[in-house]
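Visitor: structure, please.
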Amino acid sequence: MKHFLSLCLTAGVAAHAAPITGVPAANMKADGYAPASQLTREWRQHPVAVGSMPLENPEGIVGWYGYENDVPSPVNPALPAMVPAVLNPPPPAKPVEAQKTEPDKNTYLVLWGQKGADPHYNYGSHFLFQGHEAGATNQDGSKQGLITRINLDADTAHRVTLMATHDVTGAPIATIDGSTWDPFARRLLFTTENVNAPTYAATLDFPSKVEDVSGALGRGGYEGIQNDNYGNIWIVEDVGGTNKTNPTTGASTTARRPNSFVYRYVPRHPGDLHNGKLQVLQVIVGDHPATFDSQAALNAPDQVAIRTFHTSYKTKWITIHDTKVDGDAPFIAIDKAKAAGGTPFKRPENGVFRPGSHFREFFFVETGDTNATSPENASAGGWCSIFRLVQRSADDDEGYISIFFQGNQSVAGLDNVTFLSRDKLLAVEDAGDGLHGQRNALDSGFVFDTDVDYSDPHTQPVRFLAEGRDASATLDSANGGFGKNDGDNEITGIHVSDGDPSENGILGAKVPRFGHDGWRMFWTQQHGDNVTWEVTRAKHGDNDDDHDDW
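Guide: Okay, here's the model as predicted:
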């Protein structure tokens with residue numbers, strides 16, 4: 001087995017990559033302090049859309065990229081209160097603000113012939129699609145979600161197009177977290193991180209036709225979603241677990257029980273989103289599977305074992321739903337995963353295939369407990385973890401899993417991931433207001449080298465981004481989001497792609513060449529002003545070297 005792992009882990013010879021200069025430290029968190037983001041000196045970033053940017057085709061309360069008008073301005077009801085406003089005179093004078101939509105995971109595509117609200121406008125050929133994670137409450141109690149398209153070649157008036165707010169049945173779209181492009185189905189796929197909400201497939205045409213496909217893919221706390229070269233769809237779930245109990249004192253702790261699963265949807269034919277099997281990943285520890293029940297105790301042996309460096313454990317995929325047998329009615333995946341003995345993790349949020357591995361290596365990250373007091377931080381994934389799953393091929397039913405990185409106080413709450421090159425993995429934090437305050441530090445983005453052994457605590461990834469905090473997020477953090485919005489800014493949607501919509505463009509099929517051959521990078525500074533950025537290489541003469549490879 002060591003020989004097989006070695007072959008997979010060294011597949012291909014990585015091109016020389018110039019070093020990235022690390023940002024020395026994270027930005028500090030302090031009341032009233034709104035620091036600017038700090039980016040590695042080799043890169044620059046430019047906003048491609050901001051939350052206050054109006055949509056070219058507003059619909060009801062959905063009229064701006066990052067806001068819904070559920071709280072109108074006290075002066076002009078047609079405009080949302082984008083900053084805290086006192087709508088009623090005292091007593092009591094309580095400021096309120098509009099709902100922020102939180103654009104989430106980015107999916108970049110190069111397309112021709114795209115249309116929008118203006119039939120006479122040329123929208124160009126470079127587009128960034130997002131679902132939005134938050135929304136105002138509808139009359140039926142649901143949250144109003146939406147799908148937008150940033151037209152990267154367009155002027156401000158046509159920069160952001162609202163693609164959909166309702167599905168093909170007329171039901172409001174649920175709020176969305178993950179997204180990807182399925183070239184086999186020719187559909188955008190969107191996940192909702194809500195065990196009772198649909199999983200969606202959406203067309204590229206305007207307006208987009210959005211369909212619930214959870215009769216085959218299921219419903220869960222889905223977030224990360226990714227195709228492989230066989231047309232299978234890999235899904236990473238993020239569902240928080242209950243607090244574990246200290247066996248000595250009987251008191252509740254801040255360690256959470258693993259409660260999220262990794263899934264693989266195997267369509268009957270590539271691109272079939274209605275007929276197929278949903279499978280859950282199972283890890284074998286010794287002679288038994290690591291299950292939901294086996295990880296109930298504080299620092300459970302199975303939980304600690306799979307997060308121990310220099311070990312690997314056999315995995316297999318267990319079918320939990322087959323439309324041919326079980327029908328095509330929407331179902332809750334997490335319940336079936338637990339019943340089948342799937343292995344739960346601590347809030348895994350995203351996963352990607354390593355470029356050049358022929359889809360044999362899958363890296364996924366779990367966010368962990370995001371609390372500096374968790375008794376499982378150093379031993380059982382409380383800070384965060386990155387796992388490497390290796391199979392002989394993406395459609396194999398068996399493989400091996402090992403821990404690639406264990407978090408610490410300085411690198412915690414990792415969330416989104418993407419590959420920068422064959423051996424450089426970008427991972428960004430979502431530590432949250434609580435952990436920000438505990439460690440007196442805002443979020444950061446890091447570069448990991450897949451050929452480095454991170455078991456030595458002195459070996460740490462390179463910080464490429466120390467995220468700041470805009471004034472809006474600073475106000476929200478100090479005021480509980482005014483009852484609806486999140487506080488500190490979050491790094492989300494980190495995405496490196498050349499936008500190829502063909503099967504050859506599946507993330508992981510090609511080795512990225514950031515800054516060359518159309519390869520581009522994006523990320524969204526969620527919460528606050530909700531800015532989506534494009535990151536570019538520093539130009540020659542811009543106080544940095546013009547490196548050929550990254």
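
Visitor: for the stretch 201-350 of the chain, which segments count as helices?
Guide: Using DSSP state H, counting those that start in this stretch, the helices of the stretch 201-350 of the chain run over 301-305, 323-326, 333-339.

Visitor: what lies in contact with the second one?
Guide: When you say that, I think you mean helix 323-326. Contact partners of helix 323-326, identified using C-beta atoms under 8 Å, 6 or more residues apart in numbering, comprise G215, A216, R268, H274, N275, G276, K277. (Glycine included, C-beta is placed from N, CA and C.)

Visitor: identify the residues contacting the last one.
Guide: Just to be clear, that refers to K277. K277 is in contact with Y265, V266, T319, H321, D322, T323, counting by C-beta under 8 Å, 6+ apart.

Visitor: and the gap between T291 and Q303?
Guide: 11 Å (C-beta to C-beta, to the nearest Å).

Visitor: then A216?
Guide: 31 Å.

Visitor: contacts only, for N408.
Guide: A378, W383, P457, Q460.

Visitor: check E467 too.
Guide: By C-beta under 8 Å, 6+ apart, E467 lies in contact with A26, N27, S37, E429, L442, D443, S444, G445, N489, E490, I491, Q525.

Visitor: now, those residues that are in strands?
Guide: Among the contacts of E467, DSSP state E puts E429, S444, G445, E490, I491, Q525 in strands.

Visitor: hang on, the second one packs against S37?
Guide: No: counting by C-beta atoms under 8 Å, S37 is not a contact partner of S444; they are 9.9 Å apart.

Visitor: ok, so of the contacts of E467, who is nearest R257?
Guide: Minimum distance to R257 across the contacts of E467 is 22.3 Å, recorded for E429 (C-beta to C-beta).

Visitor: name the helix or strand for the residue nearest the centre of the chain, please.
Guide: Centroid-nearest residue in the chain: N416, 4.2 Å away (criterion: C-alpha atoms, centre = their mean). Element membership for N416, per DSSP states H and E: strand 414-419.

Visitor: show me what that strand is packed up against.
Guide: strand 348-353, strand 361-366, strand 424-429, strand 490-497 (3 or more C-beta pairs under 8 Å, 6 or more residues apart in numbering; DSSP states H and E).

Visitor: mean pLDDT and mean neighbour count added to those strands, as JSON lines?
Guide: JSON lines is the format used below for the helices and strands packed on strand 414-419 (pLDDT from 0 to 100; neighbours: other C-beta atoms under 10 Å):
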{"stretch": "strand 348-353", "mean pLDDT": "96", "mean neighbour count": "26"}
{"stretch": "strand 361-366", "mean pLDDT": "98", "mean neighbour count": "26"}
{"stretch": "strand 424-429", "mean pLDDT": "98", "mean neighbour count": "26"}
{"stretch": "strand 490-497", "mean pLDDT": "98", "mean neighbour count": "26"}
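
Visitor: can you lay out these as TSV showing distance to V411?
Guide: Rendered in TSV, the data for the helices and strands packed on strand 414-419 read as follows (distance: least, C-beta to C-beta, whole Å):
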stretch	distance to V411
strand 348-353	15
strand 361-366	11
strand 424-429	7
strand 490-497	13
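
Visitor: minimum distance to T311: which of those strands has it?
Guide: In terms of C-beta to C-beta, the element of the helices and strands packed on strand 414-419 nearest to T311 is strand 361-366, at 16.9 Å.

Visitor: in its sheet, what does the closest one sit against?
Guide: Partners of strand 361-366 in the sheet, by DSSP bridges, are strand 348-353 (antiparallel), strand 385-391 (antiparallel).

Visitor: next structured bit after the last one?
Guide: Sequence-wise, the next helix or strand beyond strand 385-391 is strand 398-406, with elements assigned using DSSP H and E.

Visitor: please identify the pairing partners of that following strand and their relative orientation?
Guide: Strand 398-406 is paired, per DSSP bridges, with strand 313-322 (antiparallel), strand 385-391 (antiparallel).

Visitor: out of those strands, flag the one nearest D153.
Guide: Taking C-beta to C-beta, strand 385-391 is the member of these nearest to D153, at 35.3 Å.

Visitor: quick one, the closest one and strand 424-429 angle?
Guide: Interaxial angle, strand 385-391 versus strand 424-429 (axes from the mean of the first three to the mean of the last three C-alpha atoms, to 10 degrees): 140 degrees.

Visitor: got the CA coordinates for strand 385-391 in PDB?
Guide: These are the backbone C-alpha positions of strand 385-391, laid out as PDB (Å, rounded to 0.1, in the frame of the first residue of the first chain):
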ATOM      1  CA  SER A 385      -8.000  19.600   9.800                       C
ATOM      2  CA  ILE A 386      -7.200  19.000   6.100                       C
ATOM      3  CA  PHE A 387      -7.500  15.400   4.900                       C
ATOM      4  CA  ARG A 388      -6.100  13.700   1.800                       C
ATOM      5  CA  LEU A 389      -8.200  10.900   0.300                       C
ATOM      6  CA  VAL A 390      -6.400   8.700  -2.200                       C
ATOM      7  CA  GLN A 391      -8.000   6.200  -4.600                       C
END
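
Visitor: run through who's touching it.
Guide: Looking at strand 385-391 with C-beta under 8 Å, 6+ apart, the contacting residues turn out to be 4-5, 8-9, 262, 281, 306-307, 315, 345-346, 348, 360-366, 368, 398-407, 414, 417, 425, 427, 448, 450.

Visitor: tell me the angle of it relative to strand 414-419?
Guide: Using the same axes, to 10 degrees: strand 385-391 against strand 414-419 is 40 degrees.

Visitor: now strand 385-391, how far from the centre of its chain.
Guide: Remark: strand 385-391 is offset 17 Å from the chain centroid, using C-alpha atoms, centre = their mean, to the nearest Å.

Visitor: one step back: closest to Q130 out of the strands paired with strand 398-406?
Guide: That would be strand 385-391 among the strands paired with strand 398-406, by C-beta to C-beta, at 24.3 Å.

Visitor: now do the buried residues in that closest one.
Guide: Across strand 385-391, burial judged by 16 or more other C-beta atoms under 10 Å covers S385, I386, F387, R388, L389, V390, Q391.

Visitor: pLDDT and distance to N106 added to the residues you listed, as a markdown table?
Guide: Below are those laid out as a markdown table (pLDDT from 0 to 100; distance: C-beta to C-beta, whole Å):
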| residue | pLDDT | distance to N106 |
| --- | --- | --- |
| S385 | 98 | 24 |
| I386 | 98 | 20 |
| F387 | 98 | 23 |
| R388 | 98 | 24 |
| L389 | 98 | 24 |
| V390 | 98 | 27 |
| Q391 | 98 | 27 |
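
Visitor: out of those, who's nearest D228?
Guide: Using C-beta to C-beta, Q391 is the member of the buried residues of strand 385-391 that sits closest to D228, with 9.8 Å.

Visitor: any idea what the closest one is bridged to?
Guide: Beta-bridge partners, per DSSP bridges, of Q391: G399.

Visitor: looking at the chain, which helix or strand is least sure?
Guide: helix 2-9 (a mean of 39; mean pLDDT, DSSP states H and E).

Visitor: would you tell me what the next helix or strand after that one is?
Guide: Following helix 2-9 in sequence order, the next helix or strand is strand 38-39 (DSSP H and E).

Visitor: so what touches the very next helix or strand once past that following strand?
Guide: Proceeding N to C from strand 38-39, the next assigned helix or strand is strand 43-49, under DSSP H and E. With contacts defined as C-beta under 8 Å, 6+ apart, strand 43-49 is touched by 37, 39, 65, 103, 128, 150, 152, 159-160, 464, 522, 531-538, 542.

Visitor: name every strand pairing with strand 43-49 and say which way it goes.
Guide: Paired neighbours of strand 43-49 in the sheet (DSSP bridges): strand 531-537 (antiparallel).

Visitor: and the strand it pairs with, C-alpha only, in CSV?
Guide: Taking C-alpha atoms only, strand 531-537 is exported to CSV below (Å, rounded to 0.1, in the frame of the first residue of the first chain):
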residue,chain,number,x,y,z
VAL,A,531,-17.0,42.7,-1.9
THR,A,532,-15.9,40.1,-4.4
TRP,A,533,-12.2,40.5,-5.5
GLU,A,534,-10.1,39.4,-8.3
VAL,A,535,-6.5,38.6,-7.4
THR,A,536,-3.8,39.2,-10.0
ARG,A,537,-0.1,38.9,-10.1
